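> No sequence on hand, only this structure:
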């Protein structure tokens, strides 16, 4: 491809990529809202949801929040069970084996 063709297609490529990114972020926001709603209903429901969706981005967004709640000893009639933590181990291991530095911080 010539430079001229690439330059002429640049606005189109940017527009398409912008739409794709906007759609992905919109889906991520929907998943985060669902996770927050489930957390208020039953803590283990949000963990089941994260595992079912199997989206590392969602896990990455939600983990620090869950860890913070557990560390603060959030007063709740529904503590996070050891079984729920054990179910998350494959996700944590995936983060540990990832090349992404952000994942290592979470794990």
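Perfect, I can see it now. If you're wondering where the values come from, they're calculated on a predicted model, not measured in any experiment. Residues are numbered from 1 along each chain as shown.

> Any idea how far the longest helix along the chain is from the middle of the chain?
In the chain, ranked by residue count with DSSP state H as the criterion, the top helix is helix 3-41. Helix 3-41 sits 14 Å away from the centroid of its parent chain (CA atoms, centre = their mean, to the nearest Å).

> The next helix or strand along the chain from it vs helix 3-41, what angle?
Next in sequence after helix 3-41, counting helices and strands by DSSP states H and E, comes helix 43-53. Angle of helix 43-53 versus helix 3-41, following axes from the mean of the first three to the mean of the last three CA atoms, to 10 degrees, is 150 degrees.

> what's the following helix or strand past helix 43-53 in contact with?
Remark: after helix 43-53, the chain's next helix or strand is helix 56-72, criterion DSSP H and E. Helix 56-72 has contacts (CB atoms under 8 Å, 6 or more residues apart in numbering) with 28, 31-32, 35, 39, 46-47, 50, 80, 91, 94-95, 102-103, 106. Bear in mind the C-beta positions are built from the backbone N, C-alpha and C, glycine included.

> Let me see the mean pLDDT of helix 56-72.
Across helix 56-72, pLDDT averages out at 79.

> other SSEs contacting the helix or strand following it?
Using DSSP H and E, the helix or strand that directly follows helix 56-72 along the chain is helix 82-87. Packing partners of helix 82-87 (3 or more CB pairs under 8 Å, 6 or more residues apart in numbering; DSSP states H and E): helix 43-53.

> which helices and strands sit right next to the helix it packs on?
Where contact means 3+ CB pairs under 8 Å, 6+ apart, helix 43-53 is packed against helix 3-41, helix 56-72, helix 82-87.
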